[in-house]
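# quick one: sequence plus predicted model below, questions after.
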There are 2 protein chains.
Amino acid sequence: MGIVERKSRQKQALRERILDAARRIVMRDGFAALSMRKIAEAIEYSPATLYLHFASRDEIAQALCAEGYAQLLETFVPLVQIADPAERLKALGRAYVAFGVAHPETYRLIFMEDPSYTGAALSGVAAASGKATPVAAVADAGAAHEAMEIAAAGTPAVGSVASGKASLAPAKPDDDPGDAALHIMLSALEELKAAGRLSASMDVAVWAEAFWATLHGIVALNLTCPVFPTAPLDTVVGVALDAWLGTQDAGQSPGVTSASRSRKKKSAEAPVESYVEPGGEPAAQSSQPSAPSGKKSTKPPGPSAVKPATKRKAASA
Amino acid sequence: MGIVERKSRQKQALRERILDAARRIVMRDGFAALSMRKIAEAIEYSPATLYLHFASRDEIAQALCAEGYAQLLETFVPLVQIADPAERLKALGRAYVAFGVAHPETYRLIFMEDPSYTGAALSGVAAASGKATPVAAVADAGAAHEAMEIAAAGTPAVGSVASGKASLAPAKPDDDPGDAALHIMLSALEELKAAGRLSASMDVAVWAEAFWATLHGIVALNLTCPVFPTAPLDTVVGVALDAWLGTQDAGQSPGVTSASRSRKKKSAEAPVESYVEPGGEPAAQSSQPSAPSGKKSTKPPGPSAVKPATKRKAASA
DNA sequence: GTCTATAAAGAGATAGAC
DNA sequence: GTCTATCTCTTTATAGAC
């Protein structure tokens, strides 16, 4: 059986190479620039070979999405230890925005590209309200975290969750990173409510959605609107968090309350801009982050579908 | 000179036809599906003819953007009359979300497609803080409004602002709809602050940006995330507005100190869904609005640039 | 498994005849 | 002004040789 195993391993390896190449292309040129030909060229294989591993460009995109969700989840994990639920939520909010700013193309792919990509990670949102306990969420998250560290070193480091078992069902193996992340937030919210710091009549699910929308709005505008944060991104995030979680005087990072101050990760207290991803990448920063100058992000043409030209913006205009 | 005038009129007319066709394509199939060939086919001209009126696809897109901004501004105009600044802001927020939900493709084009499109409308955001008085904003808005009613009847009715003089400088004639809309909001905000209902130490520009981000987040998630508003969109918007502008329950809203609890205008209370646009269109509604099932939105290929395929989602997958 | 070659579709933009 | 014809470029995806 050694032979079949070797073959299986080789197949897996090629699969990884494909995803690595795809990830690099997306990071560098945006999702719109991702094509089978480019990937094939990058790994020095013919385009046809890719179809032996992925049924379509879309399947590759979904695999990348799964990685992205896991990556986002991973940034949440250490924050679960923050004792005060309000501070925890603030830290989560900052981490969320920091993630989006640091990984614009990943964020775009996951939350701004295609409804099917976005929906892939959020399966049980409706019924999720009282489902997972903080402990359970942490357990799941921990598993994902551990799996990640096994992954590649040079690249953003994810992959395991996605490539391990998510060949056809990208974002929903047994534990769904998207749901797990959601649960972390909902748990904090319920604690908050239990502590009487949130109106008892408030539906946490609604609150959570509106809160999420605020964070998403900040990230999305930052990635799309060139003039968005006139003020420092930090400040805007601070004001938003204060509006939702109360505290006078925006601006600075309330950070962690007390006990968790010893946190090994500085991520919770550091201002949004200084966020550094676990993988060790530089992490983009400031208000106008990466966004590969000339090229944008959007959609490409399909076989029978359509696609206009827009990238020319910087190229031809 | 009658002859040159007629020719000029005919040229203008064709220009309008081009934009009309383009608008229809975008509404129906999304921006990504907008191509010169399609437009040409729709108006029964050759593709080459389009280039006599627009230098590129991009220029057409920008003209559509200008229309979109004007359209959005128009929905703001009547709300300026609301006396209470907090209620006015809430009404503006609801109108904003309603607009995005009712005109998903327009909203996408303007705020979610390309930074250059989004930035086109917001020129003086940075210095806008104390710039325009409510009166000035209304004056601008009124002008745009008036201009609009001259425009076509069957179609969404805009165009004048864009087509009148924005051949090469699409979104910034003399009065910029984007800025005007922004000023309307900032004015209300300053009134709020003047009335002592907003922390004196709060920077209105920052507050405005964070508030805008919240609204944008709600719309953007609604358009992109299939499961987004688990709760009725109305409810989520209400919670968000309360968080920012205060009202009994809802977390605690440190932003606003007291009052503003008695709501008078029904326009401020009307649920988002019931919004009807001034033009008299049906106005889409509910949580999962249009979003032309099969197709998405994104970017197309340029001459030398790149472009993957993505639309296949529903077509080939 | 992998490649070459190609089908089938789409795009933006232009030259030059009329 | 308008059209025809064309150039150049992109893409996904597959057939069939090796």
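Perfect, thanks for sending it.

# report pLDDT for residue A:46.
pLDDT recorded at residue A:46 is 92.

# pull the contacting residues for it.
Contact partners of residue A:46, counting by Cβ atoms under 8 Å, 6 or more residues apart in numbering or on different chains, are residue A:40. No exception for glycine: its C-beta is placed from N, CA and C like everyone else's.

# give me the phi and psi for it.
Here is the backbone geometry of residue A:46 (degrees, to the nearest 10): phi -80, psi 150.

# what do you get for residue A:45?
Dihedral pair for residue A:45: phi -130, psi 170, per degrees, to the nearest 10.

# counting neighbours, what do you get for the nearest residue to it once chain neighbours are set aside?
Distance criterion Cβ to Cβ, 6 or more residues apart in numbering or on different chains; nearest residue to residue A:45, sequence neighbours excluded, is residue A:14 at 7.8 Å. Residue A:14 has 16 neighbours, counted by other Cβ atoms under 10 Å in any protein chain shown.

# so which strand or helix has residue A:14?
According to DSSP states H and E, residue A:14 maps onto helix A:2-29.

# any residue of that helix up close to DNA strand D?
No: Helix A:2-29 lies out of reach of DNA strand D by Cβ under 7 Å from any atom of the strand, never closer than 9.8 Å.

# could you check the angle the next helix or strand after that helix makes with helix A:2-29?
Sequence-wise, the next helix or strand downstream of helix A:2-29 (DSSP H and E) is helix A:36-43. Helix A:36-43 runs at 110 degrees relative to helix A:2-29, counting by axes from the mean of the first three to the mean of the last three Cα atoms, to 10 degrees.

# remind me what helix A:36-43 packs against, helices and strands.
helix A:2-29, helix A:47-50 (3 or more Cβ pairs under 8 Å, 6 or more residues apart in numbering or on different chains; DSSP states H and E).

# what residues does the stretch 1-150 of chain A have near DNA strand C?
Within the stretch 1-150 of chain A, the positions near DNA strand C by Cβ under 7 Å from any atom of the strand are A:7, A:10, A:11, A:14, A:44, A:45, A:46, A:47, A:48, A:49, A:52.

# hmm, try it at 6 Å
Within reach of DNA strand C by Cβ under 6 Å from any atom of the strand, the stretch 1-150 of chain A has these residues: A:7, A:11, A:14, A:45, A:46, A:47, A:48, A:49, A:52.

# helices along the stretch 101-250 of chain A, start to end?
Using DSSP state H, counting those that start in this stretch, the helices of the stretch 101-250 of chain A run over A:104-107, A:115-121, A:134-150, A:160-165, A:177-194, A:204-224, A:233-245.

# to residue B:22, which of the ones you listed lies closest?
Checking the helices of the stretch 101-250 of chain A against residue B:22 by Cβ to Cβ gives helix A:204-224 as the closest, at 21.3 Å.

# tell me where the model's unsure across chain A.
For chain A, applying pLDDT under 70 flags the ranges A:1, A:123-175, A:248-317.

# assess the claim that residue A:202 and residue B:242 are in contact.
No: the pair residue A:202 and residue B:242 fails to qualify as a contact (Cβ atoms under 8 Å) at a distance of 9.6 Å.

# who has more neighbours, those two?
Shown here are residue A:202 and residue B:242; by other Cβ under 10 Å, residue B:242 has more neighbours (21 against 17).

# list the contacts of residue A:54.
Per Cβ under 8 Å, 6+ apart, neighbours of residue A:54: A:15, A:18, A:60, A:63.

# out of the helices and strands packed on helix A:36-43, which is closest to residue A:177?
Of all the helices and strands packed on helix A:36-43, helix A:2-29 sits nearest to residue A:177, with 16.0 Å by Cβ to Cβ.

# by contact count, what packs against that closest one?
Helix A:2-29 sits against helix A:36-43, helix A:57-76, helix A:104-107, helix A:160-165, with contacts defined as 3+ Cβ pairs under 8 Å, 6+ apart.

# figure out which of those helices is closest to residue B:103.
Taking Cβ to Cβ, helix A:104-107 is the member of the helices and strands packed on helix A:2-29 nearest to residue B:103, at 24.7 Å.

# who are the packing partners of that closest one?
With contacts defined as 3+ Cβ pairs under 8 Å, 6+ apart, helix A:104-107 has these neighbours: helix A:2-29, helix A:57-76, helix A:204-224.

# fine by me, thanks again.
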